[in-house]
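**Q** Mind folding the following:
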Amino acid sequence: MPKFLRLIITIAVLGGLLLSSQEIFAQNWIPVRGGIPFGISGIALIEKQSNKLDFLIVHDNKKPNQGRLAIISIQGKKQTEYFPLNWQNKIKSPNDLEALTSIPETNNSDFIALSSAGKAYHLNLGFKNKTISIIKEFDLPEIAKNSNFESFSLQKIDNKLMAIWGHRGEGEEPAKIYWGILNLAKYQITLAGTANFKVPFPDGNVRHISDIKIDNAGIVYITSASDNGDDGPFESAVYVAGYLSLNDNKIQWRPNQQLFPIYRDKYHKIEGLEIVPGAAGGIIVGTDDENMGASIYMIGE
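**A** Below you'll find the predicted structure:
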């Protein structure tokens with residue numbers, strides 16, 4: 001049986017278990033902050049301890065006096081701690097940060113944040129003293145007109161630093177997945193391919209890709225969400241979108257031909273996705289619920 005098929009079957013079984021237990025975990029959403037300025041549009045793991053998780057998050061704010069970055073800490077059933085981070089004054093504050101990924105092999109101290117227009121920011125986090133440094137700004141390659149990016153992820157596979165990102169799409173317009181190789185020394189991404197992508201759920205005002213992450217086996221996870229205004233209602237889902245691999249030094253994309261939600265939610269607008277490794281890990285999602293603020297949830301808990 002092909003490796004990808006085995007993985008999909010395993011995930012299908014997991015998805016069934018998650019769906020059957022969804023009502024049990026319905027109350028396990030953890031509030032972060034209330035109000036539009038605190039919505040989570042991207043999330044990345046900083047540190048995992050025995051009973052504590054620390055994450056870097058981005059906000060899609062646009063006004064000069066609004067925050068762009070913060071650290072959140074989760075410890076058991078305690079209230080989430082929130083630590084805002086100041087953007088460097090010498091570099092103009094970004095407009096509409098929509099995605100965040102850690103850079104592999106940097107001990108979760110370096111990250112790339114992405115704006116909806118396709119501008120990327122290499123960030124260095126001083127976790128202990130809660131500081132952020134902006135190392136470099138650069139642009140995604142071959143940005144098409146009217147693109148609206150809400151997702152970006154990096155993963156080291158077969159010694160290549162793979163990048164994958166997505167134009168969100170909306171309604172009948174499909175999302176578009178892009179992938180390539182990042183040369184971090186030159187801050188250049190060599191585009192290797194693209195593919196259209198649509199989800200079966202949610203429908204209506206759906207953003208087919210609201211975030212994306214790729215694990216070290218090449219499995220690509222996405223979130224999608226419907227947005228019906230600042231007061232909702234919202235719906236969201238998590239999918240296994242497909243699989244990236246290297247063959248003869250070329251990236252091959254294998255889409256999942258039988259899409260189904262491995263998790264669905266009828267109350268929140270999920271815009272942040274992260275994979276937490278280990279026995280106590282799972283898939284964590286963060287919301288941008290507009291007037292209702294932000295919450296997080298560990299799907300595999």
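
**Q** Okay, Asn95 and Ile134: tell me how far apart.
**A** Using C-beta to C-beta, to the nearest Å, Asn95 is found at 14 Å from Ile134. C-betas here are computed from N, CA, C, even on glycine.

**Q** got it, and Ile181?
**A** Counting by C-beta to C-beta, the gap from Ile181 to Ile134 is 23 Å.

**Q** What of Gly171?
**A** The spacing between Gly171 and Ile134, counted by C-beta to C-beta, is 35 Å.

**Q** Among those two, which residue is more densely surrounded?
**A** Counted by other C-beta atoms under 10 Å, Gly171 and Ile134 do not tie: Ile134 has more neighbours, with 16 against 13.

**Q** ok, the more buried one - contacts?
**A** 87-88, 91, 121-123 (C-beta atoms under 8 Å, 6 or more residues apart in numbering).

**Q** again with Gln75
**A** When the contact criterion is C-beta under 8 Å, 6+ apart, the partners of Gln75 are 51-53, 81.

**Q** do Lys186 as well
**A** Neighbour list for Lys186: empty [criterion: C-beta under 8 Å, 6+ apart].

**Q** Equivalent analysis for Lys63, please.
**A** Going by C-beta under 8 Å, 6+ apart, Lys63 touches no other residue.

**Q** Run through this structure and note the low-pLDDT ranges.
**A** Along the chain, segments meeting pLDDT under 70 span 1-27, 300-301.

**Q** what pairs with whatever helix or strand Leu45 lives in, and is each one parallel or antiparallel?
**A** According to DSSP states H and E, Leu45 maps onto strand 42-48. Strand 42-48 has these partner strands in its sheet, going by DSSP bridges: strand 52-58 (antiparallel).

**Q** Now do the buried residues in the helix or strand just after the strand it pairs with.
**A** Downstream of strand 52-58, the next assigned helix or strand under DSSP H and E is strand 69-75. Using 16 or more other C-beta atoms under 10 Å as the test for burial, strand 69-75 gives 69-74.

**Q** What strands line up against strand 69-75, and which way round?
**A** Using DSSP bridges, the strands paired with strand 69-75 are strand 52-58 (antiparallel), strand 81-85 (antiparallel).

**Q** Tell me which of those strands is the most buried.
**A** The highest average neighbour count among the strands paired with strand 69-75, using mean count of other C-beta atoms under 10 Å, belongs to strand 52-58 at a mean of 23.

**Q** ok, residues contacting it?
**A** 32, 40-48, 68-76, 97-100, 111, 113, 125, 127, 272, 274, 276, 284, 286, 294, 296.

**Q** What residue, apart from its backbone neighbours, is nearest Gln66 spatially?
**A** Among residues not flanking Gln66 along the chain, Pro37 sits closest, at 5.0 Å (C-beta to C-beta, 6 or more residues apart in numbering).

**Q** which residues does that neighbour contact?
**A** Contact analysis of Pro37 by C-beta under 8 Å, 6+ apart lists 59, 61, 66-67.

**Q** Could you rerun that using 10 Å?
**A** Applying C-beta atoms under 10 Å, 6 or more residues apart in numbering to Pro37 gives the contacts 59-63, 65-67, 293-294.

**Q** helix/strand/coil for it?
**A** For Pro37, the assignment made with DSSP: H, G, I helix; E, B strand; the rest coil gives helix.

**Q** how close does it get to Glu290?
**A** 10 Å.

**Q** How many residues are close by Arg33?
**A** Around Arg33 there are 18 other residues, counting by other C-beta under 10 Å.

**Q** Okay, and the beta partners of it?
**A** On the basis of DSSP bridges, Arg33 is bridged to Ala294.

**Q** Would you agree it is in contact with Phe83?
**A** No: using C-beta atoms under 10 Å, Arg33 is not in contact with Phe83, being 11.4 Å away.

**Q** Between those two, which contacts overlap?
**A** The contact sets of Arg33 and Phe83 overlap at 70, 72 (C-beta under 10 Å, 6+ apart).

**Q** Contact partners for the closest residue to Ser147 other than its chain neighbours?
**A** Closest residue in space to Ser147, ignoring its immediate chain neighbours: His167 at 4.9 Å, by C-beta to C-beta, 6+ apart. Neighbour list for His167: 116, 118, 143-144, 146-151, 173-178, 194, 196-197, 207-209 [criterion: C-beta under 10 Å, 6+ apart].

**Q** Show me which of those residues are buried.
**A** Neighbour-count burial (16+ other C-beta under 10 Å) applied to the contacts of His167 gives 116, 118, 147-151, 174-178, 194, 197, 207-209.

**Q** picking up where we left off before, among the strands paired with strand 69-75, which is nearest Leu246?
**A** Checking those against Leu246 by C-beta to C-beta gives strand 52-58 as the closest, at 28.2 Å.
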